[in-house]
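Student: sharing a sequence plus its predicted fold:
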Amino acid sequence: MLLTLERPDHEFFLRGADGQVALVNDRRLERSFILAPNRLIEDWPVRDVKTLGIEDLAPLFALEPELIVLGCGATQAFPPAATLAACLGRGVGLETMTNPAAARTFNVLAGEGRRVVMGFVLGA
């Protein structure tokens, strides 16, 4: 059996996540962050998805995604309707899921070359 090591074509890869901690490449992050395949923005000030405002999405929109994956913490939660509407109005999809599911989804989409950006809420 031939085994090969596959390396992603993108710079950042989520190795694991829960509601409190995420491992991006070899970095342990304990504060909310934004991640694109080739960009990491640490210390995103969002602490609760249920109060996520349109202004909180500005750094994600600046990365010009076709899809935003929102990791909401250890349990499922959803942003306010106005925040969802802001994404729809820009033609950007928004998917909300727990952090472990968001990490897996981000890695798959980034591996497919999609323009995905993730907002990852930690400590919620």
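Tutor: Yep, that arrived.

Student: N25 and L84: what is the separation?
Tutor: 31 Å (C-beta to C-beta, to the nearest Å). For the C-beta atoms, the positions are set from N, CA and C on the backbone; glycine is no exception.

Student: looking at these two, which one has more neighbours?
Tutor: Set N25 next to L84 and count neighbours by other C-beta atoms under 10 Å: L84 wins out with 15 against 10.

Student: quick one: mean pLDDT for stretch 23-37?
Tutor: Stretch 23-37 shows a mean pLDDT of 94.

Student: mind listing residues that contact it?
Tutor: 8-17, 20-22, 40-47, 59-60, 63, 65, 106, 110, 116-123 (C-beta atoms under 8 Å, 6 or more residues apart in numbering).

Student: helices - which of those land there?
Tutor: Of the contacts of stretch 23-37, the ones assigned to helices by DSSP state H are 59-60, 106, 110.

Student: buried among those residues? Need that as a selection in ChimeraX.
Tutor: Buried subset of the ones in helices among the contacts of stretch 23-37, written as a ChimeraX selection, criterion 16 or more other C-beta atoms under 10 Å:
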select :60,106,110
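
Student: can I get the ones in helices among the contacts of stretch 23-37 in CSV including pLDDT and distance to V92?
Tutor: As requested, the ones in helices among the contacts of stretch 23-37 are exported to CSV (pLDDT from 0 to 100; distance: C-beta to C-beta, whole Å):
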residue, pLDDT, distance to V92
P59, 97, 13
L60, 97, 8
F106, 94, 15
A110, 93, 16
